[in-house]
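Undergrad: need the 3D shape of this:
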Amino acid sequence: MKRKILLIVSSSNSIMRTVLKKANCSPNLGILYIASVLKMHGYEVKVIDMLVEDFTVKNFINEVKDFNPDVVGVSIFTEAFDNAVEIIKLIKKNCTNVKIVAGGPHVTFEVENTLKNVIDIDYIIRYEGEFPFLLLLEHLNFPEEFPIDKVKGLVYRENESIKYNELHGYIHNLDALPFASIGLIKVEKYKEVFALITSRGCPGDCVYCCSKAMAGNKYRYRSAENVISEVYYLYGKTNQNLFEIYDDTFTVDKSRVERFCGLLKEIKLPLIWRCQSRADILSYELIDMLRESNCKYIHIGIESGSQIVLDNIGKKINLQNALEKIRYANKKGAYIFCSFIVGHHCDTKETIESTLKLIKELKAEGIDVGVAACTPYPGTYLNNNAEKLGLKIHAKKWREYQFGNPIVSNSNVSLEELRNYLFRGYKGFFLPNDN
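TA: Residues are numbered from 1 along each chain as shown. This next block holds a predicted model:
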């Protein structure tokens, strides 16, 4: 019986680990929810998070050997792909008969290239991993009774070809999932271990984001009662009073938000919290509701200071209306963080200057901002239609796909010009001739 499962969160490089440790680092909740499902079905699970763990090669191999897993699952993001491959090779070289399962957004959208070029990966699970992983383990335990072609969501090699099984489909009753297995990680390694995900899927159509492609366009969510139960549970486990909801957009369903905020006040714990919202969904009433329940931090993606650009990237927001809500929330005492992107396929020097000008104005008003380079990750509309959109991708390695590393240009803005714009956005440094 294959009972011991090692789950690994891969990391891109030591520099990224250093940055994350200094930032608001939180655990990989996707891995921890999968771990909970496996544990619920009797499997022994160990988690290694390479984003916060510091291993020599020898120590890492010893750690894996000591656990002696039957199956190793590796969560892979694009920028971490190259390092993940090295980790997988090390495990295969040193652990006899172990099966390697890869999952995550990168391999979901680059599945064929991955299996063709990385022979040490035995299986890939696409999209949501909880139940396909469980089904794969049942196949490995009972191969005759439960043949591999019945494992929905699985991709694997069969002779000289790549076999795609039927997709599993999305989990609609998210309340049926157990809470994240926080006991499997070293909580002291994280600055923000009190975190949870309460929904999946995204109603947006942003061309630079793969959330919709990964989790579907139907917004699926846990009940307010289920979420408040996990908040209560994690408060007891972490002894922290700040928690973060990592949903792409927490505020989609107004009635759920209202119920959650009400329950949060009822449990009377000394909690403050933060969440992410969309400007087209956030209303003045919702802002008041969030603030009354001690939500002090709200992240809102604006992405450009040009309405023309916003209309062309599928953002579906009115810039002036969004700014009015942001300023209202700021006056209500919320810490507002606005994110921006430079280098959109439709950006010009003028539209980027508008973005930088807006960043400067918001900072002067006490609103925090962040800026990133447009990065066409696999699974995004940008990546799938780069040539059609006139976007040139300069990256040669997957590790170059990072928000702080410009890798694209268009007919209006060169790669070097984009680097300069990004630097100005990062440092808040505006040239003398800026308006």
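Undergrad: low-confidence stretches in the protein?
TA: Within the chain, the stretches with pLDDT under 70 are 1-2, 12-24, 427-435.
Undergrad: domains for it, by residue range?
TA: 4-164, 194-427 (automatic domain parsing).
Undergrad: check the burial of the residue nearest to residue 379 when sequence neighbours are not counted by counting its neighbours.
TA: Nearest non-adjacent residue to residue 379, counting by Cβ to Cβ, 6 or more residues apart in numbering: residue 210, 3.4 Å away. For glycine as for every other residue, the C-beta is placed from the backbone atoms N, C-alpha and C. Counted with other Cβ atoms under 10 Å, residues neighbouring residue 210 total 23.
Undergrad: rewinding a little: any chance of the domains of the chain in a markdown table, with distance to residue 188 too?
TA: Listed next are the domains of the chain as a markdown table, based on distance: least, Cβ to Cβ, whole Å:
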| stretch | distance to residue 188 |
| --- | --- |
| domain 4-164 | 10 |
| domain 194-427 | 10 |
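Undergrad: right, so of the ones you listed, which gets closest to residue 179?
TA: The closest of the domains of the chain to residue 179 is domain 194-427. By Cβ to Cβ, the value is 4.8 Å.
Undergrad: re earlier: next, the residue nearest to residue 379: phi, psi?
TA: Backbone torsions for residue 210, taken as degrees, to the nearest 10, come to phi -110, psi 10.
Undergrad: just residue 336 next, same as before
TA: phi -100, psi 130.
Undergrad: so it touches residue 298, yeah?
TA: Yes. Contact criterion Cβ atoms under 8 Å: residue 336 and residue 298 qualify, at 5.7 Å.
Undergrad: need the overlap of contacts for these two.
TA: Common contact partners of residue 336 and residue 298 (Cβ atoms under 8 Å, 6 or more residues apart in numbering): residue 329.
Undergrad: the more surrounded of the two?
TA: Set side by side, residue 336 and residue 298 show more neighbours around residue 298, with 25 against 22, by other Cβ under 10 Å.
Undergrad: which residue ranges of the stretch 201-350 of the chain form strands?
TA: 220-221, 242-245, 272-277, 295-303, 335-342 (DSSP state E, counting those that start in this stretch).
Undergrad: can I get the ones you listed in a markdown table including distance to residue 142?
TA: Formatted as a markdown table, the strands of the stretch 201-350 of the chain follow (distance: least, Cβ to Cβ, whole Å):
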| stretch | distance to residue 142 |
| --- | --- |
| strand 220-221 | 31 |
| strand 242-245 | 39 |
| strand 272-277 | 42 |
| strand 295-303 | 45 |
| strand 335-342 | 47 |
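Undergrad: between the ones you listed, which one is nearest to residue 68?
TA: That would be, of these and by Cβ to Cβ, strand 242-245, which comes in at 35.0 Å.
Undergrad: touching that closest one from outside, list them.
TA: Under the contact criterion Cβ under 8 Å, 6+ apart, strand 242-245 has outside partners 24, 26, 192, 194-198, 231, 234-235, 271-276, 297.
Undergrad: where exactly do the helices run in the stretch 151-300 of the chain?
TA: With helices called from DSSP state H, counting those that start in this stretch, the stretch 151-300 of the chain shows them at 211-215, 224-238, 254-267, 284-292.
Undergrad: packing partners for the longest one?
TA: Counting contacts by 3 or more Cβ pairs under 8 Å, 6 or more residues apart in numbering; DSSP states H and E, the secondary-structure elements packed against helix 224-238 are strand 195-196, strand 242-245, helix 254-267.
Undergrad: ok so, going back, mind checking which of the strands of the stretch 201-350 of the chain is nearest residue 106?
TA: strand 335-342 (19.9 Å).
Undergrad: partner strands of that closest one, parallel or antiparallel?
TA: strand 295-303 (parallel), strand 368-373 (parallel) (DSSP bridges).
Undergrad: now the longest one, how far from the chain's geometric center?
TA: Centroid separation for strand 295-303 versus its chain: 16 Å, with Cα atoms, centre = their mean, to the nearest Å.
Undergrad: buried residues in it?
TA: Residues of strand 295-303 classed as buried by neighbour count (16 or more other Cβ atoms under 10 Å): 295, 297, 298, 299, 300, 301, 302, 303.
Undergrad: ok, so of the residues you listed, who is nearest residue 65?
TA: Among the buried residues of strand 295-303, residue 299 lies closest to residue 65 (Cβ to Cβ), at 41.2 Å.
Undergrad: is the closest one in a bridge, and if so with what?
TA: residue 276, residue 337.
Undergrad: show me what contacts it?
TA: By Cβ under 8 Å, 6+ apart, the contact list for residue 299 reads 274, 275, 276, 277, 337, 338, 339.
Undergrad: I'd assumed residue 247 was in contact with the second one.
TA: I take that to be residue 275. Yes. Using Cβ under 8 Å, residue 275 is in contact with residue 247, at 6.9 Å.
Undergrad: neighbour count winner among those two?
TA: residue 247 (23 against 20).
Undergrad: now the more buried one. Nearest residue, chain neighbours left out?
TA: residue 199 is the one closest to residue 247 (Cβ to Cβ, 6+ apart), at 4.6 Å.
Undergrad: can you pull the contacts of the one you found?
TA: 174, 219, 220, 221, 222, 247, 248, 249, 250, 252 are the contacts of residue 199 under Cβ under 8 Å, 6+ apart.
Undergrad: how about residue 128?
TA: Residues counted as contacts of residue 128 (Cβ under 8 Å, 6+ apart) are 153, 168, 170, 171, 200, 215.
Undergrad: got it, and residue 382?
TA: Applying Cβ under 8 Å, 6+ apart to residue 382 gives the contacts 207, 208, 345, 374, 376, 389, 391.
Undergrad: quick revisit: now list the buried members of the contacts of strand 242-245.
TA: 26, 192, 194-198, 231, 234-235, 271, 273-276, 297.
Undergrad: and the helices of the stretch 151-300 of the chain as TSV, adding distance to residue 423?
TA: Shown next, in TSV, are the helices of the stretch 151-300 of the chain (distance: least, Cβ to Cβ, whole Å):
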stretch	distance to residue 423
helix 211-215	28
helix 224-238	37
helix 254-267	38
helix 284-292	33
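Undergrad: out of these, deepest packed?
TA: helix 211-215 (a mean of 19; mean count of other Cβ atoms under 10 Å).
Undergrad: now do that helix: which elements does it pack against?
TA: helix 105-109.
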